[in-house]
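Visitor: sharing a sequence plus its predicted fold:
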Amino acid sequence: MAAIKECFLDLGSFPEDQRIPAAALIDIWAELHDVDTDIECIANLYELTKRSLANLLVTRKDKMEGDGYYSEHFVTQHDVLRELAIYNTKKGPVEHRKRLIIDICGDNLPKWWREQKHQPMKARLLSITTDEGFSTKWHKMQMPEVEVLVLNFQTKNYGLPESVVNMDELKAVIVTNYGFLPAELSNFQLLSSLPNLKRIRLERISILSITKNPIQLASLKKISLFMCNIGQAFNNCSISISSAFPNLEEMNIDYCSDLIELPAEVCDLSKLRKLSVTNCHKLSALPEGIGKLENLELLRLRSCTELSKLPTSMKNLGKVNFLDISDCFSIKVLPEDIGEMSSLRKINMRQCSRLQELPPSVMDLEQLEEVVCDEETKDLWESFSSCLNNVKIIVAKENINLNWLHKTHF
C-alpha cells in the first residue's frame, strides 16, 4: 500500500469544496506511486477515511462493489485538511519540492514563476488551479521531471501550457473544467510530443475532434472522458483513431450526454482490453464491428438507457470475461450466439427489465461463474439451471438514494 501520507498530500491537487473523483486519484497514484491495481487505490481511500483525513462517498451504491467500477466513488475533504496538505508540500526551496500546487487568481502568477530565476524544478506532480479571470497566457516553465499534471480551470476556452512539450517524463494528464458548461480545450496536439504519456482524463470538455490536428500518442494506454461533449469528436479527423492511439488499452466514456452512437472507428483499436461506456443515456447503438476487438476483456455498458440491442458480432469477443449491461432498460434480447463468448465469467444484468428471454446458446457459456440480476431476470436464468450447475446467481437489491444529484453531474 502506498504511503498514506503521500496520498493525503496528493488530495491538495484539487480545488477546495469540490468532490474529487476516485477515478482521477487512481490515475495519479498508479503513475506517481506505482500502485499496481485500482483495488489498492480504493483501499488507500478507505484508509484515509479511517484516519479521518478524507471522506469517501459512493453514489448510487448498489452493493456490488469489487467489479472495478469506481466512477461513482468520490472523495471530499475539509478545507482545513486541504490547507494542511498544501502547507506540507511547501516545505523547502521551491525548486526542490516534490509537488507544486499552484492556485492562480486572475493572471497573478507566483513571483518565482514570473521571474524565472530558478533552476529547473524537481517536482514530480504539478497542479495548477485557475479561476474565471485567467487569460490562459502562460509563462514558460522548466519542469522536466513532472510525471503527473493536474489542471483545474473555469474559463470557456482553455489552452494547455506550451511548456508541456518539454515534460518528457509526463505520464498522466488530468484536465478538469469546473465551469457550468463544457469548455473548449485548445492545443491538445501538444501532448503528441510526450514519449511516456500513458493516461489522459478529461472532464467537462467539449472536443470537436480529438484528432482534428494530427496527433499520435504512441504510449497512451488509457483515456477517460467524463461529462464531455464528444458527439462530433471522431468526425472529420485528419488521422484515424487507431493511428492516433495505436496502443490504447482502456477507454472510459462516462456521462457524455451527446453520444448517440459509438463510432465505428473505435473497433479498430486492436490493443483495447477494457471498454466502458456508462451513463450515456442517449446512446442507442453500438457498431456492428465491435467483434473486431479481439483483445477486449471487459465490456461495460452500464446505465445506457436508450441502448436497445447488442451487436451480433459480440460472439467474436472471445476474451471478454466480464459483461456489464446493468440498468440498460431498453435491451429486450441478447445476441443469439452470445454462447460463443467462450471466456465469459461474469455478467451483470441488473435492472434489464425489458428482457423477456435468454437465447438457448447461454447453455454454451462453460466458463460462466456469476450472474448478477434482479428478481425478474432471475427466473430466466433458473430455467437453464440444469445446464449451468456451477453458475452463482446473485439478486442485487437496490439501494435507492439521491447522493448522485450533485452539481458535478450537471
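Guide: That came in fine, so what should we check first? Numbers count the residues shown, from 1 in each chain.
Visitor: mind listing the helices for the stretch 301-410 of the chain?
Guide: 375-382 (DSSP state H, counting those that start in this stretch).
Visitor: low-confidence regions, it specifically.
Guide: 398-410 (pLDDT under 70).
Visitor: could you redo the last one with a cut-off of 80?
Guide: 397-410 (pLDDT under 80).
Visitor: and if you look at the chain?
Guide: In the chain (pLDDT under 80), the answer is 1-2, 60-67, 114-119, 136-137, 207-214, 232-239, 397-410.
Visitor: let me see the domain layout of it.
Guide: Domain assignment for the chain, taken from automatic domain parsing, gives 4-76, 259-410.
Visitor: how long is the shortest one from one end to the other?
Guide: Think domain 4-76. 16 Å (Cα to Cα, to the nearest Å).
Visitor: specify the local secondary structure of residue 277.
Guide: At residue 277 the chain is in strand, as set by DSSP: H, G, I helix; E, B strand; the rest coil.
Visitor: how near is it to residue 193?
Guide: Distance, residue 277 to residue 193, by Cβ to Cβ, to the nearest Å: 29 Å. The way it works is simple: take the backbone N, C-alpha and C, and place the C-beta from them, glycine included.
Visitor: same drill for those two, tell me which one is more crowded.
Guide: residue 277 (23 against 16; other Cβ atoms under 10 Å).
Visitor: from what I can see that one touches residue 261, true?
Guide: No - in this structure, residue 277 is not within contact of residue 261 by Cβ atoms under 8 Å, at 10.9 Å.
Visitor: list residues touching both of the two?
Guide: Residues touching both residue 277 and residue 261 (Cβ atoms under 8 Å, 6 or more residues apart in numbering): residue 283.
Visitor: show me what contacts the residue lying closest to residue 316 once chain neighbours are set aside?
Guide: Spatial nearest neighbour of residue 316, chain neighbours left out: residue 291 (3.5 Å); criterion: Cβ to Cβ, 6 or more residues apart in numbering. Residue 291 makes contact with 267, 311, 313, 314, 315, 316, 317, according to Cβ under 8 Å, 6+ apart.
Visitor: go again using 7 Å as the cut-off
Guide: 311, 313, 314, 315, 316, 317 (Cβ atoms under 7 Å, 6 or more residues apart in numbering).
Visitor: if I pick the first one, what's in contact with it?
Guide: Meaning residue 311. Residue 311 touches 286, 287, 288, 290, 291, counting by Cβ under 7 Å, 6+ apart.
Visitor: and the domains of the chain as TSV, adding distance to residue 250?
Guide: Output for the domains of the chain, formatted as TSV (distance: least, Cβ to Cβ, whole Å):
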stretch	distance to residue 250
domain 4-76	10
domain 259-410	4
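Visitor: compare those and give me the one nearest residue 202.
Guide: domain 4-76 (10.6 Å; Cβ to Cβ).
Visitor: now do the end-to-end distance for stretch 149-158.
Guide: End-to-end distance (Cα to Cα), stretch 149-158: 15 Å.
Visitor: which parts of that stretch are buried?
Guide: Within stretch 149-158, the residues scored as buried using 16 or more other Cβ atoms under 10 Å are 149, 150, 151, 152, 153, 154, 155, 158.
Visitor: coming back round to it: with respect to residue 361, which of the contacts of residue 291 is nearest?
Guide: Residue 361 lies nearest to residue 315 out of the contacts of residue 291, by Cβ to Cβ, at 8.5 Å.
Visitor: from memory the closest one sits against residue 342, does it?
Guide: No - with contact defined as Cβ atoms under 7 Å, residue 315 does not count as touching residue 342 (9.4 Å).
Visitor: three-state assignment of the residue nearest the centre of the chain?
Guide: Closest residue to the average C-alpha location of the chain: residue 224 at 3.7 Å, with Cα atoms, centre = their mean. At residue 224 the chain is in strand, as set by three-state DSSP.
Visitor: ok, it to residue 150 distance?
Guide: Residue 224 is 14 Å from residue 150, by Cβ to Cβ.
Visitor: coming back round to it: now tabulate the buried residues of stretch 149-158 in TSV and tack on secondary structure.
Guide: As requested, the buried residues of stretch 149-158 are exported to TSV (three-state DSSP):
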residue	secondary structure
149	strand
150	strand
151	strand
152	strand
153	strand
154	coil
155	coil
158	strand
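Visitor: for these, which one is nearest residue 199?
Guide: Nearest member of the buried residues of stretch 149-158 to residue 199, counting by Cβ to Cβ, is residue 149, at 10.5 Å.
Visitor: just checking, the closest one touches residue 169?
Guide: No - if you go by Cβ under 7 Å, residue 149 and residue 169 don't touch, sitting 10.5 Å apart.
Visitor: give the contact list for the residue nearest to the centre of the chain.
Guide: 23, 201, 252.
Visitor: so which of those belong to helices?
Guide: In helices, judged by DSSP state H, the following of these are found: residue 23.
Visitor: need the contacts of residue 224 in a markdown table (columns: neighbour count).
Guide: Rendered in a markdown table, the data for the contacts of residue 224 read as follows (neighbours: other Cβ atoms under 10 Å):
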| residue | neighbour count |
| --- | --- |
| 23 | 22 |
| 201 | 23 |
| 252 | 19 |
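Visitor: quick one: the helices in the stretch 51-200 of the chain, in order.
Guide: Using DSSP H, counting those that start in this stretch, helices in the stretch 51-200 of the chain cover 79-89, 111-115.
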